[in-house]
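# Provided below for reference: sequence and predicted model.
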Amino acid sequence: MATSKNGEVASLGNLSPAAGSHRTRKRLGRGIGSGLGKTAGKGHKGQRARKSGNVRPGFEGGQMKLYMRLPKRGFTNAKRVEFNIVNLEALNVFATGTKVDAKALNEAGLLRWSQLPVKLLGRGELGKKLDILVDRASASAQAAVEKAGGTLKLTGQLV
């Protein structure tokens, strides 16, 4: 059984939050003594004293907004392809001679999104002979797989 600070058995009736974890909310407009009475921290009159009174984000009083004064840059490439990135060092979890494809990589927990294509990059060392099937691979990754005695095949779906 858990006990409280003063040695009592903890129950729903004597629980309290950790020190410093709970801050009392500001009670506005509750008298002069509170420090937030009368105008409740809003000052006198004006737009910002009203119930819905504030300007929207980016509004500069009618002046042309900063985000509209700055030029647009770049574009979104409609043909961009996102990849699951797998480095050589991650493939050392597989046994020698294993066929490594997207399904095997996903089961090993090496893919972030199972529906995206896989690209093999050359970071790290590959110390095992593996048969690898991926969508794309860097030149350094291809060389490292062949140096380790394995084979690397590209699916050919993405050129």
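Everything's here; your move.
# packing partners for the lengthiest helix in the chain?
The longest helix of the chain (DSSP state H) is helix 139-147. For helix 139-147, the packing partners by 3 or more CB pairs under 8 Å, 6 or more residues apart in numbering; DSSP states H and E come out as strand 118-121, strand 151-154. Where C-beta positions appear, they are placed from N, C-alpha and C, glycine not excepted.
# which residues in the protein form strands?
84-87, 99-100, 118-121, 131-134, 136-137, 151-154 (DSSP state E).
# ok, so what distance separates the residue sitting furthest away from the middle of the chain from residue 39?
What lies farthest from the middle of the chain is residue 32; by CA atoms, centre = their mean that is 45.9 Å. Counting by CB to CB, to the nearest Å, the gap from residue 32 to residue 39 is 11 Å.
# give the contact list for the residue nearest the centre of the chain.
Nearest residue to the geometric centre of the chain (CA atoms, centre = their mean): residue 112, 11.9 Å. Taking CB atoms under 8 Å, 6 or more residues apart in numbering as the contact definition, residue 112 lies against residue 84.
# nearest residue to residue 96 in space, please, no chain neighbours.
Distances taken as CB to CB, 6 or more residues apart in numbering put residue 128 closest to residue 96, at 4.6 Å, once the chain neighbours are dropped.
# again, but for residue 120
residue 137 (4.1 Å).
# same question, residue 127
Using CB to CB, 6+ apart, the closest residue to residue 127 is residue 92 (6.1 Å).
# off-centre distance for stretch 116-125?
Centroid separation for stretch 116-125 versus its chain: 21 Å, with CA atoms, centre = their mean, to the nearest Å.
# where in the chain is pLDDT low?
1, 4-5, 158-159 (pLDDT under 70).
# can you pull out the helices in it?
Under DSSP H, the chain gives helices at 66-69, 102-107, 139-147.
# can you tell me how far the residue farthest from the centre of the chain is from residue 49?
Taken as CB to CB, the span from residue 32 to residue 49 is 18 Å.
# now do residue 6
Taken as CB to CB, the span from residue 6 to residue 49 is 48 Å.
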